[in-house]
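Visitor: next input, structure requested:
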Amino acid sequence: MDWGGWEGQRGVDLLADGNSGYRHIEGWGWDFQPPGGETPELVWERLQPWLSSVEGTVIVVSHIGVMRVLLAKATGWNFEGTPPFKVKRDRLYRIDVQDDGTLSHDNDPVRLIAG
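Guide: Below you'll find the predicted structure:
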C-alpha cells in the first residue's frame with residue numbers, strides 16, 4: 001500500500017497528531033486514503049490482474065497491507081469495525097481463489113518459527 005505523505009511514519013505518531021487525518025484501521029472503509037497514497041480499494045484494483053494470473057498452488061510473500069486487503073476480500077470485511085481475522089507478521093495464511101475470482105480463507109494462520 002502506498003502511504004503517500006505518511007510513508008515511513010508510525011501510526012501511533014500520526015494518531016498523536018490531531019491534524020494528520022490518520023485513524024485506526026477499524027474506521028478506514030475501502031475509501032480511506034493517506035495524503036497522496038492509496039486506498040484499500042486501489043490496492044485491490046492493483047492486485048486483481050496479478051491474482052487472476054495465478055495458477056495452481058503458490059506461496060506469496062507480501063507486505064501486511066496486501067494481506068489485509070486479500071483477507072478483507074476473502075472474509076467480506078469492509079475495513080469498518082473489528083476485522084474477523086488477525087494479521088500478524090511471520091504467519092502463513094491460506095487464501096483460495098475460486099473459479100469465479102472470489103476469495104476464501106480458512107482463518108487458521110500458521111506461525112512461522114525462526115530456525
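Visitor: was I right about residue 84 contacting residue 77?
Guide: Yes: under the criterion of Cβ atoms under 8 Å, residue 84 makes contact with residue 77 at 5.6 Å. For the C-beta atoms, the positions are set from N, CA and C on the backbone; glycine is no exception.
Visitor: and these two? which has more neighbours close in?
Guide: residue 77 (16 against 13; other Cβ atoms under 10 Å).
Visitor: if I look at the more buried one, how far off is residue 29?
Guide: Applying Cβ to Cβ, to the nearest Å, the value for residue 77 to residue 29 is 11 Å.
Visitor: what's the answer for residue 89, then?
Guide: Distance from residue 89 to residue 29, by Cβ to Cβ: 24 Å.
Visitor: middle-most residue in the protein, spatially?
Guide: In the chain, the residue lying closest to the centroid (Cα atoms, centre = their mean) is residue 68, at 2.1 Å.
Visitor: that one is in contact with residue 87, isn't it?
Guide: Yes: between residue 68 and residue 87 a contact is recorded at 5.3 Å, counting by Cβ under 8 Å.
Visitor: quick one: buried residues of the longest helix along the chain?
Guide: Secondary structure assigned by DSSP state H gives helix 40-53 as the longest helix of the chain. Buried positions in helix 40-53, judged by neighbour count with 16 or more other Cβ atoms under 10 Å: 40, 42-44, 51.
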